[in-house]
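# next comes the sequence, and after it the predicted model I'd like to discuss.
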Amino acid sequence: MTTERMSRPGASTAVAAAPALRLTARGRRLILVGMLLVALFGLVVGRAVTSQATPDRTPAVVVQPGQTLWDIAVQADPQADPRAVIAEISDLNGLTSEVLLPGQWLAIPA
């Protein structure tokens, strides 16, 4: 059995197709930038969560505004040579610079 479409006289038998979605170059760039921002956000949040997990396992301090590695070393071990403690703190945290940011977590030697 075949099915035939009955059409009225003068009626079009063509089915109107929905217009295809076109993505312009600007739209592709916008999507790419959005994906990169999401990936960057994920990295930053992941690193922040990892940094905040450090105090649970190792003694740590939060850097206060104006605080230096020297200050932290003296607080961590007042009896030791601050230069040796600074070297341990740098090695423990993978620091490549003496620049500290307020709010930064630093693991200190036990």
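Ah, there it is.

# looking at it, L92 is touching P109, isn't it?
Yes. Here L92 reaches P109: they are 6.3 Å apart, a contact under CB atoms under 8 Å. C-betas here are computed from N, CA, C, even on glycine.

# neighbours of the closest residue in space to L101 that isn't next to it in sequence, how many?
Counting by CB to CB, 6 or more residues apart in numbering, L101 lies nearest to V63, which is 6.4 Å off, once chain neighbours are set aside. Using other CB atoms under 10 Å, V63 has 17 other residues around it.

# ok, V63 to A110 distance?
19 Å (CB to CB, to the nearest Å).

# for P65, same thing?
Separation of P65 from A110 (CB to CB): 26 Å.

# what segments of the protein are helices?
Applying DSSP state H to the chain gives helices spanning 25-57, 69-76, 82-93.

# tell me which of those sits nearest to W105.
helix 25-57 (4.9 Å; CB to CB).

# average pLDDT for that closest one?
Mean per-residue pLDDT for helix 25-57: 73.

# what does stretch 64-79 contact?
59, 61, 63, 80, 82-83, 85-86, 89-90, 95, 98, 100, 102, 106, 108-109 (CB atoms under 8 Å, 6 or more residues apart in numbering).
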